[in-house]
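Novice: Kindly generate the corresponding structure for this input.
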Amino acid sequence: MTQTPIRTLRRTLRPTAHLLLAGLMLALAAVTQAAPKTLDQVAAIVDDDIIMQSELLERAATIRSRMRQQQTELPPTEVLLDQVLERMIVESIELQMAEKAGIRISDNQLNETLSNIARQNNLSTEEFRATVLKEGISWPALREQIRRELIVNQLRQRRVGSRIQISDQDVENFLNSEVAKTNLAPDYRLGHILIAVNNSNSPQRAEEKAMEVYRKLQDGADLAAMAVQYSSGENALSGGDLGWRKAAQLPTLFADTVLEMDKGDISRPIRSASGFHIIKVLDLRGGTEQIVRQTKVRHILVKPNEIRNEQETRKLINDIYQQLQQDPDQFGTLAKTYSDDPGSALQGGEMDWVNPGTMVPEFEERMQSIAVGEISQPFRTQYGWHVLQVQERRNQDMSEEFRYNRARQMLQKRRFDEELDSWLREIRQNAYVEKKI
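Specialist: Below you'll find the model as predicted:
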């Protein structure tokens, strides 16, 4: 089915989530006091751009201030200036490439990014702006720095991303690797009981006691109480609780057994030189288990156009809603007749099963707030006016899909980081650069 424009809308500015307030302050503040100004000079020519000496000194002063705050030993001035100039040269090359590629960041995108940064620091946009100004930072300069970072990020995603090809076989191979097993496995909180073999407890007697304890646990006995009563393990008086452990940190003796267990499962006694071990998975966190609450929904979208203004569009959606109130069974017919969503109109407005977070906020909120079978009142999104009907809800296990997608993302990031270094070297070698200092 052709995908409706609503479903394709995502949060497009996630790559900027790392821009936190403290970093921004350091990036624009604390420039050292300059001596009386002399005539500015060109520090470097980079293709069609130039880097001025004043820009270089300002950037170097910013980095020097940051290193002092982090109590990092400062390199000799000439070394620092050379490193900073190299960074500025590469940045200039990237920005020129982005301009030729037509990459632009609109004011709306920039404003949304600034709002996200403010939220990450528990501030409103106005409070964030006031904080910036209080620190003596130019708000326009801050905006332009973020705009440059967004442009460079988009360029890298486009140019470097296009050089990376990941096949299904690559993902499968990665999933079978120890790195993937470690990173994709959940954390385990384990309960442990050890029935020891010693001079007063023969292997046979210990095994019999372990089986007795195992059967009691299977019948619902409390592991903590059983551990205090029977266990010889170090954690017996703590109820046998081993705490949270990564898969890679599990004792080799029972690691393979635990990896096959789910929350609440109890292992049969496991033999070792010290005795018989019983393991219970008390809890799990992380990993790739994903039970998603999905909604089956259909909708009708009407949009203002050249022959229908906003007021007329709103009247039309209200008329459709009134007809649906009188006869809900008309939904499919009315969708085919009136809906402006090409992806669902021919299917009677059907959008199939929808995962949480895939719709624009207004649609998502209305969809989640009404009962199964109910038809919403008309509401507005950026796409136009809607009415929707929730047809069903279900809990869907998306664990395998989530695990596969997460593995692909991890592989993509690993290869992106590797390819980025290579690409940066290439564009630096291919650019015309003339240093003047």
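
Novice: Now do the SS call for the spatially closest residue to Glu434 that is not a sequence neighbour.
Specialist: Closest residue to Glu434 apart from its sequence neighbours, by Cβ to Cβ, 6 or more residues apart in numbering: Ile45 at 4.4 Å. From N, CA and C alone the C-beta is placed, and that goes for glycine too. The three-state label given to Ile45 by DSSP: H, G, I helix; E, B strand; the rest coil is strand.

Novice: Any idea how many residues pack against Ile45?
Specialist: Applying other Cβ atoms under 10 Å, we find 16 residues neighbouring Ile45.

Novice: That one reaches Ala431, doesn't it?
Specialist: No - with contacts counted by Cβ atoms under 8 Å, Ile45 stays clear of Ala431, the gap being 10.2 Å.

Novice: who's in contact with the residue nearest to Glu434?
Specialist: Tyr432, Val433, Glu434, Lys436 (Cβ atoms under 8 Å, 6 or more residues apart in numbering).

Novice: Weed out the non-buried ones from those residues.
Specialist: Among the contacts of Ile45, those classed as buried by 16 or more other Cβ atoms under 10 Å are Val433.

Novice: what's the closest of the contacts of Ile45 to Leu184?
Specialist: Val433 (43.2 Å; Cβ to Cβ).

Novice: From Met88, how far off is that closest one?
Specialist: Per Cβ to Cβ, to the nearest Å, Val433 is found 11 Å from Met88.

Novice: The stretch 51-200 of the chain: strands as residue ranges?
Specialist: Under the criterion DSSP state E, counting those that start in this stretch, strands of the stretch 51-200 of the chain are mapped to 186-196.

Novice: Now the top helix by length along the chain: buried residues?
Specialist: For the chain, the helix with the greatest residue count under DSSP state H is helix 399-430. Buried residues in helix 399-430, counted by 16+ other Cβ under 10 Å: 402-404, 406-408, 410-411, 415-416, 419-420, 423.

Novice: any chance of these in JSON lines, with pLDDT and distance to Val171 too?
Specialist: Below are the buried residues of helix 399-430 laid out as JSON lines (pLDDT from 0 to 100; distance: Cβ to Cβ, whole Å):
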{"residue": "Phe402", "pLDDT": "79", "distance to Val171": "13"}
{"residue": "Arg403", "pLDDT": "80", "distance to Val171": "10"}
{"residue": "Tyr404", "pLDDT": "85", "distance to Val171": "6"}
{"residue": "Arg406", "pLDDT": "81", "distance to Val171": "10"}
{"residue": "Ala407", "pLDDT": "86", "distance to Val171": "5"}
{"residue": "Arg408", "pLDDT": "88", "distance to Val171": "5"}
{"residue": "Met410", "pLDDT": "84", "distance to Val171": "10"}
{"residue": "Leu411", "pLDDT": "87", "distance to Val171": "6"}
{"residue": "Arg415", "pLDDT": "88", "distance to Val171": "12"}
{"residue": "Phe416", "pLDDT": "89", "distance to Val171": "15"}
{"residue": "Glu419", "pLDDT": "90", "distance to Val171": "17"}
{"residue": "Leu420", "pLDDT": "91", "distance to Val171": "21"}
{"residue": "Trp423", "pLDDT": "94", "distance to Val171": "23"}
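
Novice: just the contacts of Ile45 now: which is nearest Asn183?
Specialist: Once Cβ to Cβ is applied, the member of those that ends up nearest Asn183 is Val433, at 39.7 Å.
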